[in-house]
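Student: Fold the following and give me the result.
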Amino acid sequence: MVAGRLPGGLVVLPDTTAVPPCRAEPTSRPWVLPQVAETPAELRGRAFLERWSLCSTAAKTVARGLDGPGRDPWTGAGQSGDYAPAMTPEQLADAIRGVVDALVAEGALAGPVPHEIVVERPRQKEHGDYATPVALALAKSTGRPPREIAALVSERLFEVPGIAAAEVAGPGFVNLRLATDAQGRLAGDIVRACADYGRGGELAGRRINVEFISANPTGPIHLGHTRWAAVGDALARVLAAAGAEVATEFYINDRGVQMDRFGASVMAVAHGRPVPEDGYHGAYITDLAAAIVAEHPDFLSLPEDDQLVAFREAAYALQLAEQQRVLDLFRTHFDTWYSERSLHDSGAVERGMERLRGQGHVFELDGATWLRTTDFGDDKDRVLVKADGEMTYFASDTAYYVDKRSRGFTTSIYLLGADHHGYASRLRAVAACAGDDMDVSVEVLIGQLVKMMRDGQEVRLSKRAGTLITLKELIEEVGVDAARYSLIRYPVDSPMTLDLDLLVQRSNDNPVFYVQYAHARVCSVLRNAAELGIDWRGAGYDPAVLEHEREGELLRALVEFPAVVSSAAELREPHRVPRYLESLATAYHRFYDNCRVLPRGDEVVSDQQIARLWLCAATRQVLANGLDLCGVSAPDRM
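Tutor: Predicted structure coming up:
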């Protein structure tokens, strides 16, 4: 993974005076050094520069020689000195692997080389910027003491451009210190990568379907659905950022007895009668009945059976439209709204059953049709068609999975509520019965319950639905940003509590305010710089002057973002992103409190202040990118 990737186009920011728009750069062929004559512009291409960052000083001299002395090979902006290339943890791991490969090739070490080269941040800052236990991993296969191996590796690593020091420590660790300019160049890489910084290709080639919420269209989206409305959308965003082709899907449960009960409830209220005992209650039923009668007064005179169908279908259309409207307001958008009815009407259920029958896992017993899911870890076999010929809900589940596979998805992720634990083994067994690898084709995430507190008391009842708090009410209480961020920042397999009093506070105790304020604070600095006439972007910058301890901390926080996004996608844990943003905001506030960015009075703008403005702009970009992955706004003023 490379820290900076170039954008495919321009990004318009809220305040273009404060933060100039990103610039796209040309892309060259994926060579380390040009194999045919190339222009200076081609040498600036992304693929060349990504590989160039690990090349020798000679390769850097080639780039400088073609562009002219002292020119930044990314932008052509003037710089002075011979700077080391930017160095990320991923590039450090590549450099370590290269050193070990060379030592093995020379016979100084015996292989095999570890599959994964670990690079980590030391717990104590005096131990360096990064550390690797590669010598400990090699000790067993080589039969040599770890410290002896570490000495060989550290000697070679010291020669790598961008590494200022490599020291043996403890039982065989290698502690690494980066050259100041190697670390500082990251700020420029981030600014130029713009919205693409943090994006990678780890999941390239994967087509992933993410299904979540999938509520009945018989009432409002309530608190039980709301956690998935935020987390499911954020998960889809991080999966896409990791290179996957992602489609989000809402499965509409619009078939079955609950639809008739819903229609009967609305019809009863329209006639001024009590809602049936097993019906749906709440003020929203009264609202639906009034709206339908106003538009279709003739429904009241239809025969009873026809009237039930008419009220059911009209209420269904209105309630589904309301669900879609509220989810759009919540910034949760679906690529597909898939109707259960259409699954049956299109013949997909029959086709799915034939696929399963063809795999040899469908059998008949006691007049019913069964799927032998116990062959693949389910606790019992499942009925597809009852003895009376009625299809079960499970038949829809199996057909829906087969339909997803027929649309080309390699993985189907299901986000289900805490009351659906049994579905995990069931859905995995369906995939296996269909002839697929259930460890690849199906993933089931179970979300735990959410409760809301105000003034120390749990808030239980909705004013409109008569049962649970609705998503619309939550938005009205705390706003979209606070609701989304708070729901995303906790692991979904843990119960969570939303403190409504905290979420409306404009204080550092409110996590979303804390992160958004950091973004607004950076924007204010960049605005002030523009008002002072400081053209920090046009000036280029000297990365070697970013040598303050707080600058180093901030740069090391910024470089972690791509790995955070990658792990959030790989582990299906989007909560890693907001937690990272909070630590980044802390690093920025510490930097700002200790490092003066703007000149005072008639002071001449220094190289250090220009470099710090680049660092501010890089921080703003990463905060904005991270908030976007959460579906949360990045305000430039607060």
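
Student: where does the stretch 51-200 of the chain dip in pLDDT?
Tutor: Scanning the stretch 51-200 of the chain for pLDDT under 70 picks out 51-86.

Student: longest helix anywhere in the chain?
Tutor: helix 304-329 (DSSP state H).

Student: Which strands and helices lie in contact with it?
Tutor: Contacts defined by 3 or more CB pairs under 8 Å, 6 or more residues apart in numbering; DSSP states H and E place helix 304-329 against helix 257-270, helix 283-295, helix 471-478. For glycine as for every other residue, the C-beta is placed from the backbone atoms N, C-alpha and C.

Student: Which parts of the stretch 351-500 of the chain are helices?
Tutor: 393-406, 423-433, 438-441, 471-478, 480-488, 500-503 (DSSP state H, counting those that start in this stretch).

Student: hmm, back to that, want to try JSON lines for the helices and strands packed on helix 304-329, with mean pLDDT, mean neighbour count and distance to residue 502 as columns?
Tutor: Formatted as JSON lines, the helices and strands packed on helix 304-329 follow (pLDDT from 0 to 100; neighbours: other CB atoms under 10 Å; distance: least, CB to CB, whole Å):
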{"stretch": "helix 257-270", "mean pLDDT": "97", "mean neighbour count": "20", "distance to residue 502": "36"}
{"stretch": "helix 283-295", "mean pLDDT": "96", "mean neighbour count": "17", "distance to residue 502": "29"}
{"stretch": "helix 471-478", "mean pLDDT": "92", "mean neighbour count": "20", "distance to residue 502": "9"}
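
Student: Out of those, the one nearest residue 437 is which?
Tutor: Nearest to residue 437, of all those, is helix 257-270, at 34.2 Å by CB to CB.

Student: same for that closest one, what does it pack against?
Tutor: Using 3+ CB pairs under 8 Å, 6+ apart, helix 257-270 sits against helix 283-295, helix 304-329.

Student: what's the average pLDDT for the longest one?
Tutor: Model confidence over helix 304-329, given as mean pLDDT, is 97.

Student: For the next helix or strand after that helix, what is the distance to the chain centroid?
Tutor: Following helix 304-329 in sequence order, the next helix or strand is strand 336-339 (DSSP states H and E). Taking CA atoms, centre = their mean, to the nearest Å, one finds strand 336-339 lying 23 Å from the centre of the chain it belongs to.

Student: what helices or strands is strand 336-339 leaning on?
Tutor: strand 245-252.

Student: circling back: tell me which of the helices of the stretch 351-500 of the chain sits most buried.
Tutor: Sort these by mean neighbour count, taking mean count of other CB atoms under 10 Å, and helix 480-488 sits at the top with a mean of 24.

Student: so that helix versus helix 304-329, what angle?
Tutor: Angle of helix 480-488 versus helix 304-329, following axes from the mean of the first three to the mean of the last three CA atoms, to 10 degrees, is 90 degrees.

Student: For helix 480-488, output the C-alpha coordinates as PDB.
Tutor: Taking C-alpha atoms only, helix 480-488 is exported to PDB below (Å, rounded to 0.1, in the frame of the first residue of the first chain):
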ATOM      1  CA  VAL A 480     -27.700  13.500  11.400                       C
ATOM      2  CA  ASP A 481     -24.000  14.000  12.100                       C
ATOM      3  CA  ALA A 482     -24.200  13.300  15.800                       C
ATOM      4  CA  ALA A 483     -26.500  10.300  15.300                       C
ATOM      5  CA  ARG A 484     -24.400   8.700  12.500                       C
ATOM      6  CA  TYR A 485     -21.100   9.200  14.100                       C
ATOM      7  CA  SER A 486     -22.200   7.900  17.500                       C
ATOM      8  CA  LEU A 487     -23.800   4.800  16.100                       C
ATOM      9  CA  ILE A 488     -20.700   4.000  14.000                       C
END
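
Student: Other residues contacting it?
Tutor: 226-227, 229-231, 234, 329-331, 450, 474-475, 478, 496, 498, 503-504, 510-513, 515-516, 574-575, 577-578, 630-633 (CB atoms under 8 Å, 6 or more residues apart in numbering).

Student: Just the buried residues of those.
Tutor: Buried by 16 or more other CB atoms under 10 Å: 226-227, 229-231, 234, 330-331, 450, 474-475, 478, 496, 498, 503, 510-513, 515-516, 574-575, 577-578, 630-633, out of the contacts of helix 480-488.

Student: Go through these and flag which are in strands.
Tutor: With DSSP state E as the criterion, strands contain 450, 496, 498 from among the buried ones among the contacts of helix 480-488.

Student: Where does pLDDT dip in the stretch 351-500 of the chain?
Tutor: Using pLDDT under 70, the flagged stretches of the stretch 351-500 of the chain are 461-467.

Student: Show me how the record splits this protein into domains.
Tutor: As assigned by automatic domain parsing, the chain contains the domains 89-178, 208-340+448-495, 511-629.

Student: how long is the last one end to end?
Tutor: Yep, that's domain 511-629 we're talking about. In terms of CA to CA, to the nearest Å, the two terminal residues of domain 511-629 are separated by 16 Å.
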